[in-house]
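Asks: My questions concern the predicted model and sequence given below.
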Amino acid sequence: MNRDTILPNTRQEYELLRKFAGYSFCDDFHATATLDDLNYEYMKEYLVKTNAAHDLRKLPKEEMAKMLKLVGEEESNKDKIKNFALLMFADRPEDYIPGAHVEIITESRDGTSRMSAEKFEGPIWIQAQQVRNYFKDRIEHSYTLRESGNIYHRIVKNWPDIAWNEFSTNMILHKNYDNPNYAGIYVYVDHISFANHNRPLPPVSIKDLNEKTVFDIRTYLNPQIKDMFYKLHLIESYGSGVRRAKTALEENGNNAPVFLPDNETDDYTQVIMYINKEYKEYEDKDTKPIQTEIIKLPKNQQIVYDTILNNPGLRIPALSEICGLKEKSIEHALEKLRAKKLVVFNGNNKTGGYFII
């Protein structure tokens, strides 16, 4: 034992025992669930989304479950369902595994201390997608800033979607589903907190999460879910999520995220993501900043407006190609933008295009 070696505390000893025993709650069998408790349509949808061979997508439910390793293979457990199968393919995993859902708790902006909650249930991979969509629809906002006399602009976001996606998906992926506490996201005026009731498995520590961006060697609490999330493109290359989130925050002008707890005993993992300070300053102002035009629009209108701002004179087909939106969506957005007197069509029908007013 060298001078840097320390004895593990109770929590660390438990984690090490789990790791070296190779135990995974997700790979264990549920006490009462059967194949009937899995939704066949979700299983087929998973195979479609992961580009499985067409003959595999048409397998009967029992054969499909065996192929996906959702059920026992031995005679003694052939009728039993694994916990990760319920998390991935049950209509309501929480009916079998308490706490298998995500809640987003949002602080009211009316000056009171009220909080509102949104609960996300269903298969955990669909929870991950719904939580991502919630951010795009309800939380993500931006200002487009264009200084007077300057054709160029910049966009200031409150938080980058990449960071939200990585932290929220990792929270679902790395949750200890043996713990009945749900995974929670708390949205405040100036920061967002992602909280899980377990810590990362050694060798990764909270200190590492604060100081490092690359984790070449790490152990996954839920390896089956990790593999399935990777095939669904919910996570990128293994171990890269923290790096992607930190990079996105830095590029967006946000402070670095903070990982907690700052001790070795508390059994939870929390990451705090702070709002972009410049965005917050504009949000707090009652009037527009001097010499700066602030344009805040619905998502599709914002995309079309920004594209025209950077590429004046384009027509609808070219806008569609650059924006990635369908031409019908472009037309609808342009109709709204023209009504607001933000864009105009100049030139004839053959050679003209759209310009910012």
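Replies: Right, received. Where do you want to start?
Asks: hey, where'd the strands end up in the chain?
Replies: 102-107, 115-120, 142-147, 154-157, 183-187, 191-196, 258-260, 269-274, 292-295, 343-346, 353-356 (DSSP state E).
Asks: Go through these and find the least confident stretch.
Replies: Looking at the strands of the chain, the lowest mean pLDDT belongs to strand 292-295 (a mean of 54).
Asks: what about the residue lying closest to Glu107 once chain neighbours are set aside, how many neighbours?
Replies: Excluding its sequence neighbours, the residue lying closest to Glu107 (CB to CB, 6 or more residues apart in numbering) is Tyr188, at 4.7 Å. Just so you know, the C-beta spots here come from the backbone N, C-alpha and C atoms, and that holds for glycine as well. The number of residues packed near Tyr188 is 14, by other CB atoms under 10 Å.
Asks: sorry, back to before: put together CSV for the strands of the chain, with distance to Glu331 and mean neighbour count on each row.
Replies: Listed next are the strands of the chain as CSV, based on distance: least, CB to CB, whole Å; neighbours: other CB atoms under 10 Å:
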stretch, distance to Glu331, mean neighbour count
strand 102-107, 34, 19
strand 115-120, 33, 14
strand 142-147, 21, 18
strand 154-157, 23, 15
strand 183-187, 34, 21
strand 191-196, 35, 20
strand 258-260, 45, 17
strand 269-274, 36, 20
strand 292-295, 20, 15
strand 343-346, 12, 15
strand 353-356, 11, 18
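Asks: how close does the spatially most central residue of the chain sit to Leu87?
Replies: Residue closest to the mean C-alpha point of the chain, counted by CA atoms, centre = their mean, is Asn165 at 2.3 Å. Asn165 sits 19 Å away from Leu87, going by CB to CB, to the nearest Å.
Asks: same question, Tyr188
Replies: Tyr188 sits 29 Å away from Leu87, going by CB to CB.
Asks: circling back: is it correct that the residue nearest to the centre of the chain is in contact with Arg132?
Replies: Yes. Counting by CB atoms under 8 Å, Arg132 is a contact partner of Asn165 at 5.3 Å.
Asks: Residues that sit against both of the two, list them.
Replies: Residues touching both Asn165 and Arg132 (CB atoms under 8 Å, 6 or more residues apart in numbering): there are none.
Asks: how far does stretch 185-198 stretch from start to finish?
Replies: Distance between the two ends of stretch 185-198: 15 Å, counting by CA to CA, to the nearest Å.
Asks: Equivalent analysis for stretch 336-345, please.
Replies: With CA to CA as the measure, stretch 336-345 spans 13 Å from end to end.
Asks: That stretch: which residues count as buried?
Replies: In terms of neighbour count (16 or more other CB atoms under 10 Å), stretch 336-345 has its buried residues at 336-337, 342-343.
Asks: what residue ranges in this protein score low on pLDDT?
Replies: Where the chain drops to pLDDT under 70, the residues are 1-22, 76, 110-113, 147-152, 237-239, 286-296.
Asks: okay, now the domains of it?
Replies: 10-93, 102-280, 300-356 (automatic domain parsing).
Asks: Now find how far off-centre the second one is within its chain.
Replies: What separates the centre of domain 102-280 from the centre of its chain is 7 Å, taken as CA atoms, centre = their mean, to the nearest Å.
Asks: what's the burial count for Gly253?
Replies: 13.
Asks: roughly how far apart are the closest residue to Glu140 other than its chain neighbours and Arg244?
Replies: Counting by CB to CB, 6+ apart, Glu140 lies nearest to Asp161, which is 5.9 Å off, once chain neighbours are set aside. Asp161 sits 11 Å away from Arg244, going by CB to CB.
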